[in-house]
Every structure is written in C-alpha cells, then in structure tokens.
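>>> fold the following.
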Amino acid sequence: MNDDASKLLDEQQQDASLADCWNMARQGKGNFVLSQGLLYRKDKVEGQPVCQLCVPMTRREPILKLARCTAAILVNTRLASVSNCLFTGQV
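Okay, the predicted model is just below:
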C-alpha cells in the first residue's frame, strides 16, 4: 500500500461517521467490504455493480465540489455522477 492509500485508510479508520460501516464490514453485512485494507460498499448503479469508496468526512467536501464542477462542465454529455462512485457514510 502506498503512502496516499495508507493515509486514506488512516482517515477512514479514524472517522466516527464510518464506525458503523467498519462494524458491518467485519460482520459481512450491509454490502460493506474491504479491498486492500480500504473500506468500500458494494451497490448497483443503473443496474451495473459498483464498489463505492467509503469517503471520510475530511475528504467529502472537496470531492463533491470536484464532482459538481465536472458535472457543470460536462452538462451536455451523459455523465454518471461521481457521487454514485462514493459512499459518504449515510447508512
């Protein structure tokens, strides 16, 4: 695991809003899974299976801001929302 992934893992583990998600992953519930140590949630978007990265609070605002900017630029194209690729801890 590289330094960036290690830092993200640290942030995930320290984030109180993801505590229930970690517990469910350990119990094999709620479609939460670990991949290379990082916490994800399995889901379907438009019928396609996806793994959503569980985003710690410290990174949510910048990621969602980027998603909104990207969507605004690409408004005339078919764009799957970045928010469909992320899970923000709302169980």
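>>> gap between the residue nearest the centre of the chain and Ala67?
In the chain, the C-alpha nearest the mean C-alpha coordinate belongs to Leu53, at 2.6 Å (Cα atoms, centre = their mean). Taking Cβ to Cβ, to the nearest Å as the measure, Leu53 falls 13 Å from Ala67. (C-beta placed from N, C-alpha, C; glycine too.)
>>> the residue nearest to the centre of the chain against Asp43, yeah?
No - contact criterion Cβ atoms under 8 Å: Leu53 and Asp43 do not qualify, at 11.4 Å.
>>> now the residue nearest to Lys44 when sequence neighbours are not counted: which helix or strand?
With sequence-adjacent residues excluded and distances taken as Cβ to Cβ, 6 or more residues apart in numbering, Lys44 is closest to Val50, at 6.8 Å. Remark: Val50 resides in strand 48-54, with elements defined by DSSP states H and E.
>>> which helices and strands does that strand pack with?
Using 3 or more Cβ pairs under 8 Å, 6 or more residues apart in numbering; DSSP states H and E as the contact criterion, the secondary-structure elements in contact with strand 48-54 are strand 32-35, strand 38-45, strand 86-87.
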